[in-house]
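Trainee: Prediction below, plus the sequence it came from.
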Amino acid sequence: MHLSFLGRPHRVDVVTLVGLNVRPSLCTSVRPQMNSQAQNKLYQIYPTIPSYSTLSSSSLRKDQIIYNRLRIGHTRLTHSYLIEHTDHPKCTNCNQLLSVKHILTECTSCDQARHQYYSFTDIKNILNLTPSQNILNFILKINLYDQL
Ligand SMILES: [Zn+2]
């Protein structure tokens, strides 16, 4: 991308970091810090910060939003309780605390649909090796697409 400031052209490279467009200089300064935080809850999904997006630029905007929410582990369904000051939501199928990990890996009521769209059982491989459209199709199949 080329921008012009004060009449001089400047080249600005933009990369995608977890669905957000950020300048490479920010990635360079944040990446070593993030890569060393093993206790960070995103670490189990991203041991290192990727510098790419796995959804094509032609994907539907809502698909991109849903997919990025799944990748960061924060969705309206699983985290709106923090803003609304209510109890942590529980799965309507098995009464476990609701989380992205529960939806993608644990809930036994989704096993059949899960096996239809991906075979991995750990969240890291699901989010890093499964085609994004398979994950979105799984979310559609279990009727959570509009709740995330
Ligand atoms: Zn469940």
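Mentor: Now that the structure is in, tell me what you want to look at.

Trainee: Let me see the domain layout of this structure.
Mentor: By the record's domain assignment, the chain is partitioned as 1-53, 54-148 (automatic domain parsing).

Trainee: Lowest average pLDDT across those?
Mentor: Of all the domains of the chain, domain 1-53 carries the lowest average pLDDT, namely a mean of 55.

Trainee: list the buried ones in stretch 65-82?
Mentor: 66-75, 77-79 (16 or more other C-beta atoms under 10 Å). From N, CA and C alone the C-beta is placed, and that goes for glycine too.

Trainee: Run through the residues of the protein sitting next to the ion.
Mentor: Neighbours of the ion within the chain, by C-beta under 5 Å from the ion: 91, 93-94, 107.

Trainee: Filter those down to the buried ones, PyMOL style.
Mentor: To isolate the buried ones among the residues of the chain next to the ion in PyMOL, judged by 16+ other C-beta under 10 Å, type:
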select buried, resi 91+107
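
Trainee: of the residues of the chain next to the ion, closest to Gln147?
Mentor: Closest to Gln147 out of the residues of the chain next to the ion is Cys91 (12.2 Å), distances taken as C-beta to C-beta.
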